[in-house]
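K.L.:
prediction below, plus the sequence it came from.
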Amino acid sequence: MAPPRITGYSLQNRLLFGVSVLLAVFLGLTGVVLDRAFRNSLEAGMAEQLQVQIYVLLAAVDEAGGDFYFSENLREPRFSQLNSNLYGFISSASEGELLRTASALDVDFETLGLEHDLAIGETRFGRLQPVTGTEFFVSSYAVTWENLRSPILFSVLETTDTFAAEAAGFRNSLWSWLGGLAALLLVLQLLLLRWGLAPLRRLARDLQQIEAGQSEALDTSYPRELSAVTQNLNLLIQSERKQQARYRTTLADLAHSLKTPLAVLQGELGSAGNDSRQSSLMQEQLDRMNQIVTYQLQRAVSAGNGNTLARQVKVADVVARVGRALEKVYVADAVKITMNIDPALYFLGDERDLLEMLGNLLDNACKYGNGKVSVTAELVSAAPPRMRLQVDDNGPGITVADRERVLQRGVRLDTLAQGQGIGLAVVVDIAASYGASVRIDSSHMGGAAIILLFDNIRVAD
């Protein structure tokens, strides 16, 4: 069993949390990289400075009788200041220390552990950690001296205190700026999220207005990302209202249809006569009432939603079923129904709605025609797919003046035939719920042609 999902969370808070984590990781990595780059740059600068100090020593040192001495004042004042953190040494691998600067008088040379394995002309820079605990940057340079066989090593040492202080100052400044920048970016991100999610809040307010009856539909001025949602919601709202209107219409049709049978029953019950004849007539009218109730209630509970794509009905099968049934009903009139249906056409909707529309149209064609009825279903447009469903008969037809009027509820051109004048109106109502159109034209067979155009179809491959 899947764990229950957390409800009631804020989409804005969720996005803000995700962005905050991403921002913290990004700025953290940026700070580490910048700190490392600054330390490397600072260390490279220290190496260059110590290399310059070696050249200062080389320029000031001289030798006489195997003894080294400074022939002139050193240009770097710190070499003359005791404990100035800058020290200079001249040594060799064979004789050890040969000379040191005044700043290094209290430094134990033996504990430094300077390396003397440099090749002539080689410079080496690195860190030195003597046993005293003070860490140094050290730069060494090996040269040959004219009357000495072993290379002479010029070494300059400087404590890492200045380097560490500069690195710490940069790090503190860096993280302060990055922290301030992160706070500023979070505030801007919050404002951006509120601005970006404003259409969702507006959608929620519009839905509340619809629920409160203050609005009829959602506005169409939403972003493209929400337009599909708002369009589907509007379709759902319209479908629900059409369904309610259909319930009301069905109840009106039901009440209207029951008026005549009830009147007959009431009249028969109030008159004297043969009991068996009375019972038979009452049973006939009761059966008719039952059929009307069943028919109208089936219409009331039908889907009536032209956007239901999950259901698809093969048009040819439904037409064949209705045609066979009506040929049996009108067998005494020798009615012949010709069918020309594209077998690749599928109706996307409730099968009962298609049966209802075809039943009404074909029943009228059989009733008012002269024995010949034609049903045609063909694809008239491929993109988007559109189907034309046409029912023709060879009857007297419908005049141009009456074509719009006959589609209205309760209007009948033939008052002698049985019916309530709601058949074509039912077809119009159901077709409208699927976005289809209904029109009446003259048939090539000489009678009337009822034409329906549907967009909610699928064409089989």
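P.N.:
The structure has been received and is ready for your questions.
K.L.:
quickly list the domain ranges of the protein.
P.N.:
26-165, 239-301, 313-459 (automatic domain parsing).
K.L.:
tell me where the stretch 101-250 of the chain has strands.
P.N.:
123-128, 136-143, 152-159 (DSSP state E, counting those that start in this stretch).
K.L.:
mind naming the longest strand for the protein?
P.N.:
Taking DSSP state E as the criterion, the chain has its longest strand at strand 372-382.
K.L.:
give the partner strands of that strand in its sheet and their orientations.
P.N.:
According to DSSP bridges, strand 372-382 forms sheet pairs with strand 336-341 (parallel), strand 385-393 (antiparallel).
K.L.:
out of the ones you listed, which is closest to residue 48?
P.N.:
Checking the strands paired with strand 372-382 against residue 48 by Cβ to Cβ gives strand 385-393 as the closest, at 78.1 Å. In short, each C-beta sits where N, CA and C put it, glycine included.
K.L.:
and that closest one, what's buried?
P.N.:
Residues 385-387, 389-393 are the ones in strand 385-393 that count as buried (16 or more other Cβ atoms under 10 Å).
K.L.:
next SSE after it?
P.N.:
Using DSSP states H and E, the helix or strand that follows strand 385-393 towards the C-terminus is helix 400-403.
K.L.:
and among the domains of the chain, the most buried is which?
P.N.:
domain 313-459 (a mean of 18; mean count of other Cβ atoms under 10 Å).
K.L.:
report the distance from that domain to the chain centre.
P.N.:
43 Å (Cα atoms, centre = their mean, to the nearest Å).
K.L.:
now the end-to-end length of that domain.
P.N.:
11 Å (Cα to Cα, to the nearest Å).
K.L.:
pLDDT (mean, whole number) over it?
P.N.:
Per-region confidence: domain 313-459 scores 84 on mean pLDDT.
K.L.:
what does stretch 52-66 give?
P.N.:
Per-residue scores along stretch 52-66 average to 84.
K.L.:
and the contacts of that stretch?
P.N.:
Contacts to stretch 52-66, defined as Cβ atoms under 8 Å, 6 or more residues apart in numbering, come from residues 68-76, 79, 86, 88, 90, 99, 101, 123, 139-141, 143, 145, 147-148, 154-156.
K.L.:
cool, stretch 148-155 as well?
P.N.:
Here stretch 148-155 makes contact (Cβ under 8 Å, 6+ apart) with 54, 57-58, 61, 63, 66, 88-95, 98, 114, 116, 118, 120, 138-145.
K.L.:
what about that stretch, how long is it end to end?
P.N.:
Terminal residues of stretch 148-155 lie 18 Å apart, using Cα to Cα.
K.L.:
follow-up on the earlier one: got the domains of the chain as TSV, with distance to residue 197 columns?
P.N.:
Listed next are the domains of the chain as TSV, based on distance: least, Cβ to Cβ, whole Å:
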stretch	distance to residue 197
domain 26-165	23
domain 239-301	27
domain 313-459	33
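K.L.:
which among these is found nearest to residue 208?
P.N.:
The nearest among the domains of the chain, by Cβ to Cβ, is domain 239-301 at 16.7 Å.
K.L.:
the helices in the stretch 251-400 of the chain, which residues?
P.N.:
Ranges of helices in the stretch 251-400 of the chain, per DSSP state H, counting those that start in this stretch, are 275-301, 315-329, 351-368, 400-403.
K.L.:
just to revisit the earlier point, in CSV, list the strands paired with strand 372-382 along with distance to residue 424.
P.N.:
Listed next are the strands paired with strand 372-382 as CSV, based on distance: least, Cβ to Cβ, whole Å:
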stretch, distance to residue 424
strand 336-341, 19
strand 385-393, 11
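K.L.:
among those strands, which is nearest residue 228?
P.N.:
Closest approach to residue 228 among these (Cβ to Cβ): strand 385-393, 20.1 Å.
K.L.:
which phi and psi does residue 370 have?
P.N.:
Main-chain torsions, residue 370, degrees, to the nearest 10: phi -110, psi 40.
K.L.:
ok, it - contacts?
P.N.:
Per Cβ under 8 Å, 6+ apart, neighbours of residue 370: 393-395, 447.
K.L.:
pick the one among those closest to residue 377.
P.N.:
Using Cβ to Cβ, those come closest to residue 377 at residue 393, 16.2 Å.
K.L.:
state which helix of this structure is the longest.
P.N.:
helix 11-60 (DSSP state H).
K.L.:
orientation of it relative to strand 152-159 in degrees?
P.N.:
If you take axes from the mean of the first three to the mean of the last three Cα atoms, to 10 degrees, helix 11-60 sits at 140 degrees to strand 152-159.
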